[in-house]
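Participant: here is a sequence together with a model predicted from it:
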Amino acid sequence: APTAANAGVDQLSLCGLITTTLTGNAPATGTGLWTVVSGAGGSFDDATLATTDFDGVAGTTYVLRWTISNGVCTPSSDDVTIRFDQAPSAADAGTDIAQCNNGTFTLNATSPAIGTGAWTVQAGTATITNANSFNTSVTGVPVGTSATLRWTVTNGSCAANTDDVVITNNANPVPTLSSNDGDNTICSGASVIFTAGGGTNYEFFVSGVSVQNGASTTYTTSTLLDQQVVTVRVTNAAGCSVLSGGITTTVNPTPVASLVSNDADNTICAGSSITFTATPSGASNYNFRVNGGSVQSTGSNVYTSSTLVDGDVVDVVITSAAGCSGTSAGLTINVDVAPNAANAGPDIIQCNNSTFTMNGNLPVAGTTGTWSIVSGTATITSPNVRNTTVTGVVAGSGNVVLRWTISNGVCTSTFDNMLVRNDALPSAANAGTD
């Protein structure tokens, strides 16, 4: 009978090799022969040699049989397993992943060409959905924490390759937004300051339109329209951002104040009454001012004065029921000095003298006196001089009536008349002969 066959121990740690020396027993009786039971592409250097070399294909597992036979006796055989493991692919766990307020991640390792990959949690809290899937999902990472996962690629007896990835579930910022107006009700054109907090970058929006983006926590505007909504997108240092709730601002219109007077050219005589009318009507208050000082503040849109002086500027501040105020343009009033009463002086009668000296009274400052001829014939040397000379009054021509008029601008003039007369010399007397 042949020697009992012993193919040797299984060789399962042949990483990176494609040749091994078999360890069958040498037969004391009979002859031995190696054959391949399973596995493709293998060959023996000498199939009859118990310790021959066997050449295989990388990544293939072979079952080899060592058979000892002798004549007609029943052969004896024994099998051995030979595994030529390939080195596993390099592990690539993918890039680190950071998310905002989301504890579910999708991993992105490189699927190994050689070997099998497996995920494990190395640090932190996380739940791996499918540990052997290169792109498995991971859940349960608490907000504000990170987890380190390891992608391990193994193949048989070869040393494993590993790579780690860090996944981070960053917390969202908690945005704050306030304005410096307590009730968020302003007048058109008023400035309002919005202040944000909770992050490192602030993008302000007005009704959805970005108006300012940067590190500044404040946004100042004077152009808001009624019912516009201001929001802010707050971004923290981790890059997470949240849009705040909105502040709706009520913007009441500012009255467009206008002021007119009942005098077309705003020129009056001192002491004359002038009436100012403000529009729009129906406002809560009308504060009429002269040279910036309040002279009437009531619900009336009409102001009348007879005490204005030249160059006074009148304007009005109109306040609506909502408390919004608008100021009109100013009206500059020209006030002419009222003429004093004219006095032409006493009548003058001369004898055979055609030159007369007038004696009208002195006009007050700012007014003008003028002599004129009412009737008769004469020549006024200087019409605007109160004591001018008058010539050319023909002797015996009768009375010449002169008028002294004091006038100024739109004021009513004053005047007074006087007469001059140049009497002719009487004829020489002739009493006749005795």
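Facilitator: Nice, thanks for sending it over.
Participant: quick one, what contacts residue 178?
Facilitator: Residue 178 sits next to 194, 195, 247 when contact means Cβ atoms under 8 Å, 6 or more residues apart in numbering. Quick note: C-beta positions are derived from backbone N, CA and C, even for glycine.
Participant: burial count for the second one?
Facilitator: Just to be clear, that refers to residue 195. 16 (other Cβ atoms under 10 Å).
Participant: so it sits against residue 202, correct?
Facilitator: No. Applying Cβ atoms under 8 Å, one finds residue 195 not in contact with residue 202, separated by 9.5 Å.
Participant: can you list residues touching both of those two?
Facilitator: residue 217.
Participant: give me the neighbour count for residue 204.
Facilitator: Neighbours of residue 204 (other Cβ under 10 Å): 23.
Participant: my guess is it meets residue 210, correct?
Facilitator: Yes. Look at residue 204 against residue 210 with Cβ under 8 Å: they come within range, at 7.4 Å.
Participant: ok, and the closest non-adjacent residue to the most centrally placed residue in the chain?
Facilitator: Residue closest to the mean C-alpha point of the chain, counted by Cα atoms, centre = their mean, is residue 211 at 2.5 Å. Closest residue in space to residue 211, ignoring its immediate chain neighbours: residue 204 at 5.4 Å, by Cβ to Cβ, 6 or more residues apart in numbering.
Participant: which one of the contacts of residue 178 is nearest to residue 24?
Facilitator: residue 195 (87.7 Å; Cβ to Cβ).
Participant: what pLDDT is listed against the closest one?
Facilitator: At residue 195, the pLDDT value in this model is 98.
Participant: OK, contacts around it?
Facilitator: Going by Cβ under 8 Å, 6+ apart, residue 195 touches 177, 178, 179, 180, 217, 218.
Participant: at 10 Å instead, please
Facilitator: When contacts are counted by Cβ atoms under 10 Å, 6 or more residues apart in numbering, residue 195 touches 176, 177, 178, 179, 180, 202, 216, 217, 218, 219, 220, 232.
Participant: now distance to residue 3, secondary structure and pLDDT too, for those residues, in JSON lines please.
Facilitator: Shown next, in JSON lines, are the contacts of residue 195 (distance: Cβ to Cβ, whole Å; DSSP: H, G, I helix; E, B strand; the rest coil; pLDDT from 0 to 100):
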{"residue": "176", "distance to residue 3": "91", "secondary structure": "strand", "pLDDT": "98"}
{"residue": "177", "distance to residue 3": "93", "secondary structure": "strand", "pLDDT": "98"}
{"residue": "178", "distance to residue 3": "97", "secondary structure": "strand", "pLDDT": "98"}
{"residue": "179", "distance to residue 3": "101", "secondary structure": "strand", "pLDDT": "98"}
{"residue": "180", "distance to residue 3": "104", "secondary structure": "coil", "pLDDT": "97"}
{"residue": "202", "distance to residue 3": "90", "secondary structure": "strand", "pLDDT": "98"}
{"residue": "216", "distance to residue 3": "94", "secondary structure": "coil", "pLDDT": "98"}
{"residue": "217", "distance to residue 3": "93", "secondary structure": "coil", "pLDDT": "98"}
{"residue": "218", "distance to residue 3": "98", "secondary structure": "strand", "pLDDT": "98"}
{"residue": "219", "distance to residue 3": "97", "secondary structure": "strand", "pLDDT": "98"}
{"residue": "220", "distance to residue 3": "102", "secondary structure": "strand", "pLDDT": "98"}
{"residue": "232", "distance to residue 3": "91", "secondary structure": "strand", "pLDDT": "98"}
